[in-house]
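Enquirer: got a predicted model here, sequence first, then my questions.
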Amino acid sequence: MRRFIRNTDNTRIPHARSGRRPTLRQLAVLAVAAATVAAAAGCDQHPDRSATAPGAQPPPPEQADQPELRPYYRQQPVWTACGDFQCATLTVPMDYARPNNGKTFTLPLIRTHATDPGKRIGSLVLNPGGPGGSGVETLRSGGADSFGKETRAHFDLVGFDPRGVAGSKPALDCAPPDDTTDQAPTGDDTPSPLNPRTEAERRAAVAEADRTAAACITRSGELLPHIGTVDVARDLDVLRAALGDDRLTYLGWSYGTSLGTEYAEQFPQRVRALVLDGAVDPSLDWSQRTLQSGRAFRKAVEDYADSCAQVVKQGCPAATPDGIRKLVADLYAKAAKRPLPIKGSPERLDETTLHTAVMMSMYAPETQWQDLSDGLTAARKGDGGKLAAIAKEKPSPQDEGPGSTGTEGDAPGSEAGRSDTPRDNGTDILTAVNCLDVPHPKDPEAYWPVLDRAHRESGVFGSSGVLADLACRTWPAGPAQPHRVKADGLPPVLVVGTTGDAATPYQDARSLAAQLPGGMLLTYRGLGHTAYGRSNACVTDAVDGYLVDLTPVPTGTAC
């Protein structure tokens, strides 16, 4: 069975800072519906650095003062040493409409203290993306290195696993007992095409998507209505209170921008500072997100062909950009008709696995394009092994999270070979949250015109995304609808956009910054996914200045 993975992050995608690829089962197509796709009006030029912004109104009473929620808000986490960090747990109601029904999520927390306690401002909560990225494993795996020295000096960095994710109890589990999706295809496999054209192929695609949804409903049906971003944002406010901060300081990458935006809409007067890097535009519907995502990934592959010589130097798979484009197109055509052999193995590289390898390589050119080039060169000579290895490479535990140079179970701040690493359920969370957060049609016939258009515009990079959306057809629906942001009273928010970002296209960052009251747009002119934590001093200084001193970022600032 093929599993489709998408980023809104919405991807579960690798973060460009780490150079690692997203957690994917071998046959998963990385169909990123990702974050598809201003002046600092009224900013004080000399803002107070305290956790409460000057002139801010008292926090609204709606949630914290509800009697049935007071026990959650009054929690005081018990922090204990865990390697080089401190760990604790936070309890939140499973259903905020019925918080006293006895059903809860217990969320794992992790923190590292401000490096200069005398300058400490408060806590900075991070979300590495996904949906499905573990904030706990992000910090365990070196994610603190993504933050600038000034930010680390002034803030405790806090990571958490959102409800249903990784170490959350309970955690979402959608994998059937006989799941074999980590296995690479053999010569006997007949995978369905990435662009189903015939009625029979489309019926098969619908049946496959329905089986994916049915498995999740069977195993975790009780959790599914309660793991959307609307509820995670409410958890984030409980966490803010438990950390002792009057207002939230937060940095979210990729899908983490969706969470930050949702928090801003629900609790605008409880925000101190939000950095949203790799933005998701909440005003787009499912088809707009998917079409935009397909175009962005196709453009990213074009960028790879055009810029390979500058990034990879002497290791490109062809001598010219046109030669690279022709090689990629030829390999797709060959793999679709007859999967490529893998030396020393009965497995073969089919079109789906090739597609996964290519898409997974579009997040961090500086670290991923060399491997992709080597894989394409080997495939041109008849061996699909290196590309197959990219497609099933085990990622860092934080998935698309920031800055790690460690590896799972053996990273800074963690014990080598730890046995307590929770199951990585990011594949399950991706589909569940995306389907809950963005309404999808129930009628399968509604998907085919979008698929046809997506393929015309973006080839398999578009059509594979529509196939990923099919799983949402029978999924429980959440309350959210596409909309422009409404967050009266929100202080200035910093949105960071990367011009060559395929997973969260730059136009999303521009749109989100324009929707937010006093939204500030910081542009990183470069390739890859997200910007902060990629060793760009210009981006680091601007983000750190905003987080620490609430320094506005002027309109038109670019790095």
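Expert: Perfect, thanks for sending it. Residues are numbered from 1 along each chain as shown.

Enquirer: from residue 351, how far off is residue 324?
Expert: 18 Å (CB to CB, to the nearest Å). Every C-beta, even on glycine, is put in place using the N, C-alpha and C of the backbone.

Enquirer: which stretches of the stretch 201-350 of the chain have low pLDDT?
Expert: For the stretch 201-350 of the chain, no stretch is flagged by pLDDT under 70.

Enquirer: hey, where'd the strands end up in it?
Expert: Assigned by DSSP state E, counting those that start in this stretch, the strands in the stretch 201-350 of the chain fall at 248-253, 271-277, 340-342, 345-349.

Enquirer: returning to what we had before: who has more neighbours out of residue 324 and residue 351?
Expert: residue 351 (25 against 22; other CB atoms under 10 Å).

Enquirer: which stretch of helix or strand covers residue 498?
Expert: Residue 498 is part of strand 494-500, with elements assigned from DSSP states H and E.

Enquirer: can you list contacts of the very next helix or strand once past that strand?
Expert: The first helix or strand that comes after strand 494-500 along the chain, using DSSP H and E, is helix 506-515. Helix 506-515 is contacted by residues 35-38, 257, 261, 276, 278-284, 292, 484-485, 493, 495-500, 519-521, 523 when judged by CB atoms under 8 Å, 6 or more residues apart in numbering.

Enquirer: quick one: which of the residues you listed sit in helices?
Expert: Judged by DSSP state H, the subset of those located in helices is 257, 261, 292.

Enquirer: mind checking how far the first one is from residue 496?
Expert: Residue 257 sits 9 Å away from residue 496, taking CB to CB as the criterion.

Enquirer: what touches both of those two?
Expert: 276, 277, 278, 279.

Enquirer: same list (the residues you listed) but as JSON lines, adding distance to residue 73 and neighbour count.
Expert: Putting these into JSON lines (distance: CB to CB, whole Å; neighbours: other CB atoms under 10 Å) gives the following:
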{"residue": "276", "distance to residue 73": "25", "neighbour count": "31"}
{"residue": "277", "distance to residue 73": "29", "neighbour count": "31"}
{"residue": "278", "distance to residue 73": "30", "neighbour count": "38"}
{"residue": "279", "distance to residue 73": "29", "neighbour count": "36"}
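
Enquirer: closest to residue 391 out of these?
Expert: Residue 391 has its nearest neighbour among those in residue 278, at 22.8 Å by CB to CB.

Enquirer: contacts only, for that closest one.
Expert: By CB under 8 Å, 6+ apart, the neighbours of residue 278 are 9, 35, 129, 253-254, 257, 496-498, 501, 503-504, 509, 529-531.

Enquirer: now do 7 Å
Expert: For residue 278, the contacting residues are 35, 253, 254, 257, 498, 501, 503, 504, 529, 530, by CB atoms under 7 Å, 6 or more residues apart in numbering.

Enquirer: for it, give me phi and psi.
Expert: With angles defined as degrees, to the nearest 10, residue 278 sits at phi 80, psi 70.

Enquirer: tell me the SS of residue 526?
Expert: Three-state assignment for residue 526 (DSSP: H, G, I helix; E, B strand; the rest coil): strand.

Enquirer: for residue 497, see how far away it is.
Expert: 11 Å.

Enquirer: the more surrounded of those two?
Expert: Set residue 526 next to residue 497 and count neighbours by other CB under 10 Å: residue 497 wins out with 29 against 17.
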